[in-house]
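J.: Turn this into a structure:
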Amino acid sequence: MKKIILILTAFVGLYTQAQIVEPVKWSSKVVKVSETELDLVTTAVIEDEWHLYSQFTPDGGAQPLVFNYKNQKGNYQLVGKTKEGKYKKAFNDIFEIDEYFFSGTASFTQRIKILNPKLQSIPVSVQGQACIDGRCTQTEANLNFKLPEIKVTEEVAKTLEESTKVDSSASVKDYSSVNNEVKETDTTAKSTPVDSKAKEEKSLWTIFILSFLGGFAAILMPCIFPMIPMTVSFFTKQSKSRAAGIKNAIVYGLSIIVIYVLLGSIITAIFGAEALNELSTSATFNLVFFALLVVFAMSFLGAFEIMLPSSWATKLDSQADKGGIIGIVFMALALAVVSFSCTGPIVGTLLVESSRNGGIAPVVGMFGFSLAIALPFMLFAMFPGWLNSMPKSGGWLNTVKVSLGFLELAFAFKFLSNADLAYQKHLLERELFIAIWIAIFTAWALYLFGKYMLPHDYEKADKIGVGRLIMAILVTTFTVYMVPGLWGAPLKILSGLTPPSTYSEIPQGIHGNAQGMAKSDLPEHAHLGPHGIIAFEDYEEGLAYAKKVNKPVLLDFTGDNCANCRLMEDKVWSKPEILSLIKDKLVLISLYCDRKVELSKEKQYVSKTTGKEVVTIGNKWTDFQITRYNSNAQPLYVILNNNGEDVSKPIAYTTDILEYKNWLEAGIKAANSK
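T.: Modelled structure (predicted):
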């Protein structure tokens, strides 16, 4: 009986990993809004435990959903972007960003304005990616929206005539339809709504903690730190009793919190949670905030002061002189205005980062920031004796300010890198990015060692303090750590900040791979894949090389946007016992099933298996996988002999090193025995 169960289990395992999956079912309908406007409604029904990713999932993460509204010119124009229902959000540990996805069902609505009253239907193609634990697959649909008859009254005719004067190509394009390039994909870990909520809360806690630390950094600014003893002394001397002084200080602190939280609420209310998410995925957004952070950094370094009009501070001071709770509130407002030259760049940076998370993140961020500023005022009012232990104001305050300026300048280039990656311009590749960071941190280290002065520094000191020396050593250590990155070192501490290793002038490193292979030594049509493995991206070319060197083939159905493919490469292929087998005993052929590069016209065809048009490289290898292995999920691995004959059963995603090693060895043995 046990043997029967084991055989059935094995059979089910093989069946489930080698089958065509269609986890998303698509349907469409048309909703009439007016005689000239219609809503095209697309509905996706998603199988249990599968995820379909949103149009607006951020750059560097899952492959977004793409709607392509065809035959627009002269027939209709899009009104705004394709709206979608409420998505879930979860943090992707592989790509280190939040990703947006749907489970169960999802609805998408695109409003259109009719330009041609004789138009009968609108073809729309949908492309996206759906994932489940360990597997991902491309989901595609060609929808045809049948339009209702449009009655051409005099009023409608006039509207249509006016509309046709506007070139439909100038209409607002659907966000996803212009995003044709494939982006890095995808979290495939199974995530229930509860898990998603927990990860979202974790993300908000991260925003809160970072903002809280930013608030403490602001406390150490020259604009705020000297005001703590002055303000606390005012409350203790002007109040009739110690209790009254404490009460006034608490009101003052709470007022500070309310002011900054209100700022975060206004940002969220103006833009809305969804708009903030969309902004965070925009290359334009990243360019704008690169410029902003550079301006903030220059301000901290002493090039100029960012200040609000002095008349604002004067008016607020006059209101504060009136006393009472209202006067205290205006004192808090006056602090916010007067200290803006110090806090403005920090607040701006925090709002930029929190807006990338969307939702209430700006509110949470401003609460953390303001709480850190308010606490010292409240605590010192409760315990005035602590004022005696406060360090005196001095040049160290400007050192803190300048240090923050260097950090702002470094992080500004992360936004520029995001924009460059989005456009694939290769203007800020990995080596240049790291070189810029090395230059910035070297300048910071030299400043801390007292080798030069900046505009707001006091006279050059003959010696530096122990704290400044320790900080200088730490910055120097980090700078030295980054240097090997110029020659291809992974720099794991900076993972997620630097451009990926493949986005590089020399992806294999300046000296080639670990075995010293230079690019010129590679076989024809080959490139260096993960961990310096010689890899081919075309089946015929790879098979020809396998015959030449008399080795079996490891056929790797993968994707640029497949997170579990990256996990297999990073966690399984990197093991010495696995890596040696792939490098020495096999020829790796990696077929990317999500590549959007179009095939030449003569190579395009209609699949005999699926009946679909094969237009791109990704279509070609997906069709090959479906036709030969009855599967369309990645990753999928097969071992062939050098005649192209299968010698092993396909194996999918697994983190069991021993299982994968045994599978490789069995396949190699079978291939060599034929």
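
J.: distance of the nearest residue to residue 553 once chain neighbours are set aside from residue 609?
T.: Excluding the flanking residues, the one nearest residue 553 by C-beta to C-beta, 6 or more residues apart in numbering is residue 640, at 4.3 Å. Quick note: C-beta positions are derived from backbone N, CA and C, even for glycine. Noted for residue 640: a distance of 20 Å to residue 609, by C-beta to C-beta, to the nearest Å.

J.: Same drill for these two, tell me which one is more crowded.
T.: For residue 640 versus residue 609, the count of surrounding residues by other C-beta atoms under 10 Å is larger for residue 640: 23 against 12.

J.: wouldn't that one be in contact with residue 646 here?
T.: Yes - at 5.8 Å, residue 640 counts as touching residue 646 under the criterion of C-beta atoms under 8 Å.

J.: so which helix or strand takes in residue 638?
T.: Using DSSP states H and E, residue 638 sits in strand 636-640.

J.: no no, residue 584
T.: helix 576-585.

J.: Residue ranges in the stretch 251-400 of the chain under the pLDDT threshold?
T.: 264, 267-283, 305-325, 327, 330, 334-360, 383-397 (pLDDT under 70).

J.: cutoff 80 now
T.: 252, 260, 263-286, 288-289, 292-293, 296, 300, 304-363, 377-398, 400 (pLDDT under 80).

J.: was I right about residue 541 contacting residue 527?
T.: No - the criterion here is C-beta under 8 Å, and residue 541 misses it with residue 527 at 11.1 Å.

J.: State the number of residues packed around the closest residue to residue 403 other than its chain neighbours.
T.: Spatially, and ignoring its direct neighbours in sequence, residue 403 is nearest to residue 444 (6.7 Å; C-beta to C-beta, 6+ apart). When neighbours are counted by other C-beta under 10 Å, residue 444 registers 23.

J.: With just CA atoms, put the helix or strand hosting residue 444 into CSV.
T.: In this assignment (DSSP H and E), residue 444 forms part of helix 430-448. In CSV, the C-alpha atoms belonging to helix 430-448 read as follows (Å, rounded to 0.1, in the frame of the first residue of the first chain):
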residue,chain,number,x,y,z
ARG,A,430,27.2,50.0,-11.9
GLU,A,431,30.8,51.1,-12.1
LEU,A,432,30.1,54.8,-12.5
PHE,A,433,27.5,54.7,-9.7
ILE,A,434,30.0,53.1,-7.3
ALA,A,435,32.7,55.5,-8.4
ILE,A,436,30.5,58.4,-7.6
TRP,A,437,29.7,57.0,-4.1
ILE,A,438,33.4,56.4,-3.5
ALA,A,439,34.1,60.0,-4.4
ILE,A,440,31.3,61.3,-2.1
PHE,A,441,32.3,59.2,0.9
THR,A,442,36.0,60.0,0.4
ALA,A,443,35.2,63.7,0.5
TRP,A,444,33.1,63.1,3.6
ALA,A,445,36.0,61.1,5.3
LEU,A,446,38.5,63.9,4.5
TYR,A,447,36.1,66.5,5.9
LEU,A,448,35.7,64.5,9.1
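
J.: Just the residues contacting that helix, thanks.
T.: 399, 402-403, 406, 409-410, 413, 417, 452, 454, 464, 468-469, 471-472, 475-476, 478-479, 482-483, 485-486, 491, 498-501, 503-506 (C-beta atoms under 8 Å, 6 or more residues apart in numbering).

J.: buried subset of those residues?
T.: Buried by 16 or more other C-beta atoms under 10 Å: 399, 402-403, 406, 409-410, 413, 417, 468, 471-472, 475-476, 478-479, 482, 485-486, 491, 498-499, 501, 503-504, 506, out of the contacts of helix 430-448.

J.: Next, check these against the helices and list the overlap.
T.: Residues of the buried ones among the contacts of helix 430-448 located in helices (DSSP state H): 399, 402-403, 406, 409-410, 413, 417, 468, 471-472, 475-476, 478-479, 482.

J.: Is the residue nearest to residue 85 when sequence neighbours are not counted part of a helix or strand, or is it coil?
T.: Leaving aside its sequence neighbours, residue 85 sits nearest to residue 107 (C-beta to C-beta, 6+ apart; 4.8 Å). Under DSSP: H, G, I helix; E, B strand; the rest coil, the three-state class of residue 107 is strand.

J.: For residue 446, see how far away residue 107 is.
T.: Residue 107 is 57 Å from residue 446, by C-beta to C-beta.

J.: Residue 35 too?
T.: Remark: distance between residue 35 and residue 446 (C-beta to C-beta) = 70 Å.

J.: Neighbour count: those two, which is higher?
T.: Between residue 35 and residue 446, residue 35 has the larger neighbour count (other C-beta under 10 Å), namely 18 against 14.

J.: Next one, pLDDT for that one please.
T.: Here, the pLDDT recorded for residue 35 equals 82.

J.: With residue 132 instead?
T.: Looking at residue 132, its pLDDT is 80.

J.: OK, contacts around the closest residue to it other than its chain neighbours?
T.: Distances taken as C-beta to C-beta, 6+ apart place residue 50 nearest to residue 132, at 4.9 Å, with adjacent residues excluded. By C-beta under 8 Å, 6+ apart, the residues touching residue 50 are 23-24, 103, 130-132.

J.: ok, now residue 54?
T.: Contacts of residue 54 by C-beta under 8 Å, 6+ apart are 64-65, 84, 87, 100-102.

J.: again with residue 573
T.: When contacts are counted by C-beta under 8 Å, 6+ apart, residue 573 touches 530-531, 533, 579, 582.

J.: which parts of stretch 546-558 are buried?
T.: Buried residues in stretch 546-558 (16+ other C-beta under 10 Å): 546, 551-558.

J.: In helices only, show me these.
T.: residue 546.

J.: any idea which of the buried residues of stretch 546-558 is closest to residue 218?
T.: When the buried residues of stretch 546-558 are ranked by distance to residue 218 (C-beta to C-beta), residue 558 comes first, at 46.6 Å.

J.: ok, that closest one touching residue 593?
T.: Yes - because the distance of 7.1 Å satisfies C-beta under 8 Å, residue 558 is recorded as touching residue 593.

J.: list the residues that contact both of those two?
T.: Counting by C-beta under 8 Å, 6+ apart, the common neighbours of residue 558 and residue 593 are residue 634.

J.: Now do the contacts for residue 557.
T.: Neighbouring residues of residue 557 by C-beta under 8 Å, 6+ apart: 591, 593, 621, 625, 631, 634-638.

J.: Neighbour count added to these, as JSON lines?
T.: Formatted as JSON lines, those follow (neighbours: other C-beta atoms under 10 Å):
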{"residue": "591", "neighbour count": "24"}
{"residue": "593", "neighbour count": "30"}
{"residue": "621", "neighbour count": "24"}
{"residue": "625", "neighbour count": "23"}
{"residue": "631", "neighbour count": "22"}
{"residue": "634", "neighbour count": "31"}
{"residue": "635", "neighbour count": "24"}
{"residue": "636", "neighbour count": "23"}
{"residue": "637", "neighbour count": "21"}
{"residue": "638", "neighbour count": "22"}
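
J.: Could I get the residues you listed in TSV, plus columns for distance to residue 76 and pLDDT?
T.: Formatted as TSV, these follow (distance: C-beta to C-beta, whole Å; pLDDT from 0 to 100):
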residue	distance to residue 76	pLDDT
591	38	93
593	33	85
621	35	92
625	37	90
631	39	83
634	36	84
635	41	88
636	41	91
637	46	94
638	46	95
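
J.: what about the closest residue to residue 414 other than its chain neighbours, neighbour count?
T.: Leaving aside its sequence neighbours, residue 414 sits nearest to residue 497 (C-beta to C-beta, 6+ apart; 5.8 Å). Applying other C-beta under 10 Å, we find 16 residues neighbouring residue 497.
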